[in-house]
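Q: pasting the sequence and the predicted model now:
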Amino acid sequence: MRIQKFEADRRELIEVARGDRPADLFIRGGTVVNVYSGELLPHHVAIYKDRIAYVGPREVAVGDETEVVDAARMFVVPGYIETHSHPWILYNPVSLAEWIVPLGTTTVVHDTLFFYVHLGHEGTVRLIEALRDVPINQLWLARIVAQAGYPEEQEWFDPVFVRKLLEHEDVIGTAELTRWPMLYQADPLIVDTMECAKRLGKVSDGHTAGCSFEKLNALSAGGLSACHEAITAREVLDRLRLGLWTVLRNSSLRPDLQELIEPVVEGRISTQRLLMTTDGPNPSFIEENGFMDGLLRQAVRMGVPAVTAVQMVTLNAAQYLKLDDYIGGIAPGRRADVLILPDLESFRPDRVVWGGREVARDGRLIAPLPEITWDRYPSTKPLSVSAEVLADPNLYRFEAKDGEKVPVIEFISNVITRRTDAALSTDGEYVAIGGRPDLAYAALVARDGTWVAKGVIQGFGGRIGGLASTYNTTTELLVIGRDPGAMAVAAERVRQMGGGIALAEDGEVKLDIPLPLYGIMSDRPFARVVRDHDRLLAAVQKRGFPFHDILYSLLFLTCDFLPGLRLTPLGLYDVKRAQVVRKRCNLPVRS
Ligand SMILES: Nc1ncnc2[nH]cnc12
């Protein structure tokens with residue numbers, strides 16, 4: 001594994017620790033947060049090349065060339081580890097790193113999902129390797145299946161290639177299994193792939209949303225290592241008791257830490273196997289609340305002892321990843337990912353040292369970011385639907401006969417829907433929503449224009465004319481709105497951008513966000529992406545969108561792992577009944 005490879009060899013480290021070779025960097029006089037013993041110790045830290053060589057009271061190995069950093073009245077803490085990252089919430093892995101490295105996160109474990117869907121095995125591996133130049137440790141988790149059943153799924157997630165990816169040195173295990181009922185049913189593809197990860201000494205991340213204690217037993221027996229889907233203190237205990245590494249989530253979609261942390265604050269449970277995650281927050285949430293630093297701030301404010309909180313995002317995380325010999329603590333032989341903090345309240349570092357190099361100071365990145373030439377990683381599924389297909393307003397209307405009961409997708413939160421069957425008026429051919437301001441049309445159009453899946457949605461936003469977005473878990477073109485003409489305008493704008501999000505009304509585009517990277521990620525800097533997100537949320541809320549996380553509403557409308565009625569590439573899909581209630585229809589091939 002790449003993170004296990006060092007420039008400094010053991011002999012050199014031994015010499016520095018003995019005082020026979022000068023250190024490169026000497027952090028003098030700080031208070032080390034020792035995550036192994038749980039103590040605060042007045043210790044110096046000597047770093048040689050990319051590793052820690054010595055931690056203790058002696059001023060060992062300070063030579064003429066050694067850079068000495070005065071850490072008097074400061075705390076010296078291991079770099080924070082995010083074990084569950086989705087690096088595509090408009091930002092991309094590079095722009096995310098630009099923002100979070102100065103906040104003290106030095107290791108992220110990323111999901112591969114959209115890279116894999118668009119680049120396949122070879123392209124994903126090339127990209128993972130190109131991203132190694134970003135000044136943060138990036139590890140990866142390989143998806144076993146997509147987030148919605150697809151006719152093409154077996155082809156995309158060919159188990160031979162998934163296993164090959166698992167063997168890659170930067171890939172640390174299998175990614176969250178959102179469709180956990182497949183494991184509960186002992187689906188051989190899932191069970192065997194997870195077993196393969198185990199044999200390679202790697203982990204299997206879970207996603208057991210809504211799973212009962214009884215069913216969790218089966219998932220734990222099936223080989224899951226971790227889960228971040230507890231939404232109550234009770235569910236935290238369920239997961240811990242069954243041997244799962246339990247990851248407390250505070251995301252933009254589900255800011256649940258206050259509730260989840262309660263058993264820790266009350267001192268009722270062992271924290272040894274507890275971690276924390278941000279689970280892909282939207283960019284504005286990160287700007288406001290920080291990243292792993294934000295979780296620490298919040299946990300400590302809620303009453304968690306500072307050292308315990310730090311352990312959760314350093315040593316515990318490293319142990320879960322089976323990398324605690326390398327990262328997660330300040331001890332000789334470990335990677336020199338070290339933060340210098342003014343206090344144990346803000347958790348915002350004055351300096352961030354990554355692999356022995358200072359990469360951020362005073363909240364600013366000082367290490368260069370690599371120029372990733374994204375064109376070298378082109379999608380195998382470009383947005384090639386024609387303008388002619390998208391221009392037809394009937395593409396977006398929902399066919400229904402008079403008196404027919406229509407299954408409606410009713411939004412009851414950002415991401416949860418339920419099915420309501422309603423007799424809607426029609427014009428003889430299509431549902432007429434004019435008299436129902438709570439309804440809108442929704443259509444999922446294939447990137448290559450070969451099919452469309454349609455639905456009627458309720459409670460999404462009564463004044464949204466047309467909202468088109470490749471930002472959804474299928475990355476096909478999702479178009480929502482009350483006005484089929486405006487839907488066509490928004491869809492056309494997204495087509496012209498080659499992917500993105502556009503809002504239209506009265507025949508005009510009102511807002512657009514280009515997402516040139518697989519229709520999911522922006523290539524703009526993080527601060528710009530925050531502004532794009534703010535504008536989008538404000539625009540849809542102004543038009544009646546009643547929730548707080550529009551990106552997640554778009555992302556998950558097209559999945560099939562959340563209740564109740566969804567719009568997937570199979571068609572209108574009833575999750576509870578596992579049934580397609582209105583199949584997608586093929587579109588005529590146009591030359
Ligand atoms: N399951 C998921 N898929 C894609 N992005 C996510 N962000 C958080 N959860 C996600």
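A: Arrived safely. Numbering: from 1, shown residues only.
Q: what does the protein put close to the ligand?
A: H86, L113, Q147, T178, D279, G280, T473, L555 (Cβ under 6 Å from any ligand atom). C-betas here are computed from N, CA, C, even on glycine.
Q: repeat that with 5 Å
A: Proximity of the chain to the ligand (Cβ under 5 Å from any ligand atom) is limited to residues H86, G280.
Q: closest point of the chain to the ligand, which residue?
A: At 3.2 Å from the ligand, G280 is the closest residue in the chain, using Cβ to the nearest ligand atom.
Q: would you work out how far apart the start and end of stretch 36-48 are?
A: One end of stretch 36-48 sits 21 Å from the other (Cα to Cα, to the nearest Å).
Q: how near is T278 to I14?
A: As for T278, its distance to I14 is 38 Å (criterion: Cβ to Cβ, to the nearest Å).
Q: which of these two has more residues huddled nearby?
A: A count of neighbours by other Cβ atoms under 10 Å puts T278 above the other of T278 and I14, at 26 against 14.
Q: residues contacting that one?
A: Counting by Cβ atoms under 8 Å, 6 or more residues apart in numbering, T278 touches E82, H84, S85, R249, N250, S251, I286, F291, M292, G294, L295.
Q: check T246 too.
A: Counted by Cβ under 8 Å, 6+ apart, T246 has contacts A226, C227, H228, A230, V236, R239, L240, R273, L274, L275.
Q: dump the residue contacts of V589.
A: Contacts of V589 (Cβ under 8 Å, 6+ apart): T450.
Q: where does it sit: helix, strand or coil?
A: coil (DSSP: H, G, I helix; E, B strand; the rest coil).
Q: secondary structure class for I286?
A: Criterion first, three-state DSSP; result for I286: helix.
Q: show the pLDDT at it.
A: Looking at I286, its pLDDT reads 98.
Q: what does M1 give?
A: 65.
Q: what do you get for Q4?
A: The model's pLDDT for Q4 equals 85.
Q: cool, and G149?
A: Taking G149 on its own, its pLDDT is 82.
Q: now it: how far from Q579?
A: 11 Å.
Q: tell me which of those two has more neighbours.
A: Counted by other Cβ under 10 Å, G149 and Q579 do not tie: G149 has more neighbours, with 18 against 11.
Q: if I pick the more buried one, what's in contact with it?
A: Counted by Cβ under 8 Å, 6+ apart, G149 has contacts D560, T568, P569, L570, Y573.
Q: and these, which of them are in strands?
A: T568, Y573 (DSSP state E).
Q: can you lay out the contacts of G149 as a markdown table showing neighbour count and pLDDT?
A: Shown next, in a markdown table, are the contacts of G149 (neighbours: other Cβ atoms under 10 Å; pLDDT from 0 to 100):
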| residue | neighbour count | pLDDT |
| --- | --- | --- |
| D560 | 23 | 93 |
| T568 | 25 | 96 |
| P569 | 21 | 95 |
| L570 | 20 | 95 |
| Y573 | 28 | 97 |
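Q: do a quick rundown of the helices in the stretch 51-200 of the chain.
A: 93-100, 113-130, 153-156, 159-166, 181-184, 188-199 (DSSP state H, counting those that start in this stretch).
Q: pLDDT averaged over the longest one - what is it?
A: Across helix 113-130, the average pLDDT comes to 96.
Q: buried ones in it?
A: 113-121, 123-125, 127-128, 130 (16 or more other Cβ atoms under 10 Å).
Q: name the helix or strand of the chain that has the lowest mean pLDDT.
A: Within the chain, no helix or strand scores below helix 153-156, which has a mean of 82 by mean pLDDT, DSSP states H and E.
Q: need the contact partners of that helix.
A: With Cβ under 8 Å, 6+ apart, helix 153-156 has contacts from Y116, V117, G120, V145, A146, Y150.
Q: switch the cut-off to 6 Å
A: Residues from elsewhere that reach helix 153-156, judged by Cβ atoms under 6 Å, 6 or more residues apart in numbering: A146.
Q: using PDB, write out the CA atom coordinates for it.
A: In PDB, the C-alpha atoms belonging to helix 153-156 read as follows (Å, rounded to 0.1, in the frame of the first residue of the first chain):
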ATOM      1  CA  GLU A 153     -25.100  -2.700 -14.300                       C
ATOM      2  CA  GLN A 154     -23.400  -6.100 -14.600                       C
ATOM      3  CA  GLU A 155     -21.400  -4.800 -17.400                       C
ATOM      4  CA  TRP A 156     -20.300  -1.700 -15.600                       C
END
